[in-house]
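Enquirer: Need a 3D model of the following:
(chains A and B)
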Amino acid sequence: MPGYRRGAFVRSTALRLSSLLERGIQAEELARQPGFLQGLDPKAKIIGLLSLTASAAWTRHLMVFAFLMALALILAAASRIPLKVLAGRVWAGVLLVTGVVALPAVFLVPGDILYRLPVLHWPVTSQGISAAVFLIARVATATTFSALLIFTTPWTHVLKGLRVLRVPVVLIVILSMTYRYIVLLLQTAYEMFEARQSRMVGRMDAGQRRRMVAATAGALLSKTLFLSEEVYFAMRSRGYQGDVYVMQEFRLRPYDWLAMSALTATAAAVAWVG
Amino acid sequence: MHIPDGYLSPSTCAALYAGAGPFWYVALKKVRRLLHTRFVPLLSLFAAFSFVLMMFNIPLPGGTTGHAAGIGIAAIVLGPWGSILALSVALTIQAIFFGDGGITAIGANCFNMAVAGPLVATGVYRAIAGRAALVSRRRVIAAGLAGYAGINAAAVLTALEFGIQPLLFHDASGAPLYAPYPLHIALPAMMLGHLTVAGFAEMFVAAGLVVYIQRTDPSLLRLTAPKASPASRGGVIAASGHSRRALWAALAVLMVLTPLGTLAVGTAWGEWGAAAFADPSARQEIAAVSRNQAPPEIAPAGLQRLSSLWTAPFPAYAPPLLKSQSFGYFMCSMLGVGLVMLSFWLLGWMTGRLTS
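Expert: Coordinates of the predicted model:
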C-alpha cells in the first residue's frame, strides 16, 4: 500500500491511543496541583465555568470576546495552567480546524466587497471577515473555558459535581465506570496493536489491514463483554441489587459561593451586553 | 463530526438538548427494565468500547484512513435504546474529559450521533436483515449498510444544523455569528466526506464486527433479531431454496413483461427534459397533465445546467442499434438486472474479502 512503511499503519493507531492516554494523565496531573480553580468546590466550578462558556457562545461583540479571553488567561495563570499547554492542546487545534473551516467564509459570505484577490478575482467581503473572526474568537474562547474545567478538576470530582445539574445518579455512575474502563480498554487496545506490530515482518495490503482492524476490534469487543460480566458479578458479590448510591463529599464553603457568584455574575453581564 | 463549542447558537444547542432529552428518558427507562442489574456494567463497558473504537484508524480503499463512530455496531448489539445511552455516554466523556466536541454542543452531538444515527441504523439493519439467520451473510451486508446509513443520517443533521445558523443568526450587517455557511454549502461539504470516507469506515467496522461476532458468539446478535431463524450461513434465503427459485421466476416474468411499457403514451409527469420546455407540442402535453398550468417559457436554469452533465448510453430505454422498441425495453431490463446483480455480487465479494 503506498504511503505506509512496514508496520506504520499499526504504529499510527497505537500512537493515537497512547497520546489519548497521555492527554488524560496530563489533565489529571494538572487538576491535582494547587491553584485557584483547583481549590474550588467542583459544583461552584462547573456552574461558573459553564456559565462563562455559554456566555462566549452568546456574545456578539469582539471586545467582549477579548474581555472573556483575558479573564480565561487570568484564571489559567491563577490556577498554574501553563500557557504552552493551552496553546498546544486548545488553541493550536482551534486554529487548525476552525481556522480551515472559517477561511473560505472570507470569500464565500456575500456582502460589501473590500478587495479582490489578484488572478483568482475572488471577492473578500467585510461580512466574510467578520464571520471568520467571530467563529474563531467564539470557538477559542468557549473551548478555553471548557479546557480550564478539564484541566483543573479530577474526573471523579466532575462527575460528582454533575449532580448539581440534576443528572440522574445512575448516569453519573455509568459515566464514572465508563471513564474508568476507557483507560483500561485504551491500554488493552494499545497493547494489542503493539503486540501485532512486534510480530510483523512484511507489508500488509489494504485488505489485510482491514481484516486486522476488524479482528482487533472484534477481540476487544469480546474482552469488553467478558469484562462486563466480571464487573457485574463483582458488583453482585458486593451486594449490588440495581440501585445506585453515591457519597456526597462536597459542601460549598463561603469562598466557593463567592467565586461561583463572581463567575456567574460576569457571565450574566456578558449576556446582558449581548 | 463532533461539533465544537461556538459553531451553534445557544438557542440551537438548547433545542437539541431538549430534542435529545425525551430519547434519553425513554432509553433509560426501557434499558433499565430490560437489563435490570446488568444494565450499569454492560452500558458502561460498551460505552468505553465505543469510545476506544472511535480512535481506531480504519484503512479504506484508495489508501486513505477514516474513523468510525461505532453507530452501526452499537445499534446491532445493544438495540436502539441501549445504543442511544452507550453512545451518549461515550460522546459526553469525549466532550467533558478530552475536549472532543463542545460542552454546549453535547446535546447536538448526542442528538445527531447517538439518537438519530442508531435509530436509522437499526431501521436499515432490521429492514435488510429481516429474519435471516444470525450467522447469515445477509446480516453482514445489513450491518455494513446500517453503519453507512447511520453515520450519514447523523452527518445530514449536522449539516442542517450548521446550514440554518447564518439564516437565523447574523449581525446588522448580515455577517453570520456562528457557523457561517448556508445549507447549499454546508450540506455538500459535510456529505462529501461522510458519503465517502467516514461512511465507508463505519461500514467496514460494522460489517467486520458482525462477522467476528458470528464466528465467536452469534447470540450477541439475538437482541436485535429475536425472530431470526436458527439456520446456518445463507440465512432464510439459502435455507429456503424453493422461495429463491420462486423469486427468480417472478423476476424473469417481470423482465419478459417490460415491453408493456411501450403501451404508455406521453412522458411521465415531472420527467421532462430541458428541451421539452421549448417544444410547443411537449409544452401542450405538460400543460394538459398539470391542470392546464402552463410551464415556464424557458427551462429552469438549474435543470438546463445539470441536464447536460450526463448523457445516458440508452436514452428512453431505446438503444440506437435496435429497431424494435419492445426488444429495446427487454434488453435494457436484462442489462439493468445484470448490473444490479453484479453490484450486489461485488458488495458480497468485498464483504467476504473484508471478513474472511
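Enquirer: pLDDT score assigned to residue A:67?
Expert: Here, the pLDDT recorded for residue A:67 equals 92.
Enquirer: Please report how far it lies from residue A:263.
Expert: Note on residue A:67: its distance to residue A:263, by Cβ to Cβ, to the nearest Å, is 14 Å. For every residue, glycine as well, the C-beta is placed using N, CA and C.
Enquirer: ditto for residue B:337
Expert: For residue B:337, the distance to residue A:263 - Cβ to Cβ - is 67 Å.
Enquirer: same deal with residue A:48?
Expert: 3 Å.
Enquirer: more neighbours, residue A:67 and residue A:263?
Expert: residue A:263 (24 against 17; other Cβ atoms under 10 Å in any protein chain shown).
Enquirer: ok, the more buried one - contacts?
Expert: A:44, A:47, A:48, A:49, A:51, A:52 (Cβ atoms under 8 Å, 6 or more residues apart in numbering or on different chains).
Enquirer: What is the one helix or strand residue A:115 maps to packed up against?
Expert: If you go by DSSP states H and E, residue A:115 is part of strand A:113-116. Under the contact definition 3 or more Cβ pairs under 8 Å, 6 or more residues apart in numbering or on different chains; DSSP states H and E, strand A:113-116 sits against strand A:123-125.
Enquirer: Pull out the buried residues from the strand it packs on.
Expert: Buried residues in strand A:123-125, counted by 16 or more other Cβ atoms under 10 Å in any protein chain shown: A:123, A:125.
Enquirer: about what we covered before: pick out whichever of the contacts of residue A:263 sits closest to chain B.
Expert: Distance ranking of the contacts of residue A:263 against chain B, using Cβ to the nearest Cβ, places residue A:49 first at 9.0 Å.
Enquirer: For the closest one, give me its contacts.
Expert: Counted by Cβ under 8 Å, 6+ apart, residue A:49 has contacts A:37, A:145, A:146, A:148, A:149, A:263.
Enquirer: Relative to chain B, how far out is the fifth one?
Expert: Right, the one you point to is residue A:149. 8 Å (Cβ to the nearest Cβ, to the nearest Å).
Enquirer: ok, now residue A:96?
Expert: To chain B, residue A:96 is 12 Å away according to Cβ to the nearest Cβ.
Enquirer: go on, residue A:260?
Expert: In terms of Cβ to the nearest Cβ, residue A:260 sits 17 Å off from chain B.
Enquirer: Check what pLDDT the spatially closest residue to residue B:183 that is not a sequence neighbour gets.
Expert: Excluding the flanking residues, the one nearest residue B:183 by Cβ to Cβ, 6 or more residues apart in numbering or on different chains is residue B:163, at 3.4 Å. pLDDT recorded at residue B:163 is 92.
Enquirer: The one 5 residues further on too?
Expert: Per-residue confidence (pLDDT) for residue B:168: 89.
Enquirer: neighbours around it, how many?
Expert: 12.
Enquirer: And the closest residue to it other than its chain neighbours, its phi and psi?
Expert: Leaving aside its chain neighbours, residue B:168 sits nearest to residue B:9 (7.1 Å; criterion: Cβ to Cβ, 6+ apart). Phi and psi for residue B:9, reported as degrees, to the nearest 10, are phi -70, psi 160.
Enquirer: ok, the contacts of residue A:49 vs chain B, which is closest?
Expert: Once Cβ to the nearest Cβ is applied, the member of the contacts of residue A:49 that ends up nearest chain B is residue A:146, at 4.9 Å.
Enquirer: Now do that closest one, the pLDDT please.
Expert: Model confidence at residue A:146 (pLDDT) stands at 89.
Enquirer: so what's it up against?
Expert: Residue A:146 makes contacts with A:49, A:53, B:5, B:95, B:99, B:102, B:103, as judged by Cβ under 8 Å, 6+ apart.
Enquirer: all helices of the stretch 151-300 of chain B, in order?
Expert: For the stretch 151-300 of chain B, the helices defined by DSSP state H, counting those that start in this stretch occupy B:183-193, B:199-216, B:235-239, B:241-257, B:280-288.
Enquirer: With residue A:230 as the reference, name the closest of those helices.
Expert: With Cβ to Cβ as the measure, helix B:199-216 is the member of these nearest residue A:230 (17.3 Å).
Enquirer: packing partners for that closest one?
Expert: With contacts taken as 3+ Cβ pairs under 8 Å, 6+ apart, helix B:199-216 sits against helix A:206-237, strand B:58-59, strand B:65-66, helix B:71-98, helix B:137-168, helix B:325-355.
Enquirer: Can you add distance to residue B:15 and give those back as CSV?
Expert: Listed next are the helices and strands packed on helix B:199-216 as CSV, based on distance: least, Cβ to Cβ, whole Å:
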stretch, distance to residue B:15
helix A:206-237, 34
strand B:58-59, 33
strand B:65-66, 30
helix B:71-98, 17
helix B:137-168, 9
helix B:325-355, 38
